[in-house]
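Asker: Compute the structure for the input listed below.
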Amino acid sequence: MDPDPAFTFDLSSTTIPLGVRQKTIHLRLTNLTDDAPSEVVFRVRPLELDWFETASVDWADRGASGECDGDSGSWYCSITKDFRPELLPAPGGTADIPMDVHIWRASEPFAGRIAIEVSLTWGENRERITDSREFTLAFVDDSEADLSVVAPDVKQSVRVGAGGRLELAGALHPGDTGAVRYQIVNQGRRAVSGVTVTVRLPEGVTFTRPPQECVIDADGRSAVCTYAALALVPVGQDTDPNDSVHSAVELHNLVTVPAGITAPVTLAGGIVQVEGLTEGVGTRSGPERTVLPANAVAVPAADVDASDNQDGFAVVVAATGSGGGDDDGGDGGGGGLPVTGPQAGLIAGAGLTMVAAGIVLLLARRRRSVAFVPGDDTAAS
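Answerer: Below is the predicted model:
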């Protein structure tokens, strides 16, 4: 029996500071059914302004893919099990589709609307549901930092290998250990000298081994982690991938799924929220990684667009013996997963399924260097 299809979507990072030539935004999908879609089609078109002269919205994969069509202004792309399957939202899960805003000629603040239409297809009968929304992209004269965070759904079990690196160990089963990964990028014009991360886990999931930078609440599901010396400069200042100056960082926290849980199941409602810290760093110079004096504390940094400082994720638990392989793509272990947890936590944001290697390649293409900071270690690389 085919599912009753339902989904929501939103667009993150719709405020862009002038002076930034490119900003990555995310089309955030939430699958509200207990089955995985077989296809996602999304269409993007401008509604006003001369986008060819001022700005444009694009998908990095579009130019080299036969799954996309259209011109530089209005275009559409299709995601299937054969093309970018990691961007298909799992049953009850989430997915973030990255798109790039390119700013060509803009010296004064302005705003422009775009229309996005999303279609998801489910089941043997290929029932398709379509929804469309309009969004305003605001280009503002703001010289502050602009942090964004992306947290993939947790689908794979992991083990800690040599040097503390995580190794994928197949599908996540009851009692297994997984990793909540989250990538933080500074897409603004001012550096931050540190980062505070708040992680809230779905009900039943607990932190495996809390890092020393984190304070865990009594039920083991919420953590506030302060990385006071983790400096992130603007992307435009991160020109050498081999130096110690970073505009992006990926962190992780090990988590454990209850051994007695009935699987397959998707545990919804996980949230990652980030906030920049500053000691009064300059607009054009990156901060040094220093230890704050005993009588000083870092204060929250201003943020051009706080709407993308939070992202949601789900924990997708496969039934024992269901396999799942060692990759992080696919449909999340097949259909028929019941969804638990508040849907509000899902709608708040979505996780882009991306392993660390994929993030490194994506950012390297844009000449960014990535600092990998294991959430269970004490050092920030």
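
Asker: centre of the chain versus stretch 91-100, how much separation?
Answerer: Counting by Cα atoms, centre = their mean, to the nearest Å, stretch 91-100 is centred 8 Å from the centre of its parent chain.

Asker: tell me which residues of it are tucked away?
Answerer: Buried residues in stretch 91-100, counted by 16 or more other Cβ atoms under 10 Å: 91-99. (Each C-beta comes from the backbone N, C-alpha and C, glycine too.)

Asker: mind listing which of those are in strands?
Answerer: 94-99 (DSSP state E).

Asker: Looking at these, which one is closest to residue 27?
Answerer: Of all those, residue 27 sits closest to residue 97, with 4.2 Å by Cβ to Cβ.

Asker: Spatially nearest residue to that closest one, not counting backbone neighbours?
Answerer: Nearest residue to residue 97, sequence neighbours excluded (Cβ to Cβ, 6 or more residues apart in numbering): residue 27, at 4.2 Å.

Asker: Please, which helix or strand holds the residue nearest to residue 76 when sequence neighbours are not counted?
Answerer: In space, and not counting its chain neighbours, residue 76 is closest to residue 43: 4.0 Å by Cβ to Cβ, 6+ apart. In the assignment (DSSP states H and E), residue 43 maps to strand 39-46.

Asker: Which residue, other than its chain neighbours, is closest to residue 126?
Answerer: residue 38 (7.2 Å).

Asker: Ramachandran angles for residue 309?
Answerer: With angles defined as degrees, to the nearest 10, residue 309 sits at phi -80, psi 0.

Asker: where are the low-confidence patches of this protein?
Answerer: Low-confidence segments of the chain (pLDDT under 70): 1-5, 49-52, 63-66, 72, 279-303, 322-381.

Asker: Mind checking which residue lies nearest the centre of it?
Answerer: residue 150 (1.6 Å; Cα atoms, centre = their mean).

Asker: Surely it touches residue 311?
Answerer: Yes - the pair residue 150 / residue 311 is scored as a contact, 5.6 Å apart, by Cβ atoms under 8 Å.

Asker: still on that earlier bit, now the residue nearest to residue 126: how far from residue 32?
Answerer: From residue 38 across to residue 32, the span is 16 Å (Cβ to Cβ, to the nearest Å).

Asker: next one: residue 199
Answerer: 23 Å.

Asker: Give me the phi and psi angles of residue 18.
Answerer: Main-chain torsions, residue 18, degrees, to the nearest 10: phi -60, psi 150.

Asker: still on that earlier bit, looking at the buried residues of stretch 91-100, which is nearest residue 145?
Answerer: Nearest to residue 145 among the buried residues of stretch 91-100, with distances taken as Cβ to Cβ, is residue 98, at 19.9 Å.

Asker: Please name the bridge partners of the residue nearest to residue 97.
Answerer: When assigned by DSSP bridges, residue 27 has beta-bridge partners residue 11, residue 97.

Asker: go on, residue 275?
Answerer: Bridge pairing for residue 275 - DSSP bridges - gives residue 196.

Asker: pretty sure it is touching residue 184, no?
Answerer: No - checked against Cβ under 8 Å, the pair residue 275 and residue 184 is beyond contact range at 10.1 Å.

Asker: Please identify which of those two sits among more neighbours.
Answerer: Shown here are residue 275 and residue 184; by other Cβ atoms under 10 Å, residue 184 has more neighbours (27 against 19).
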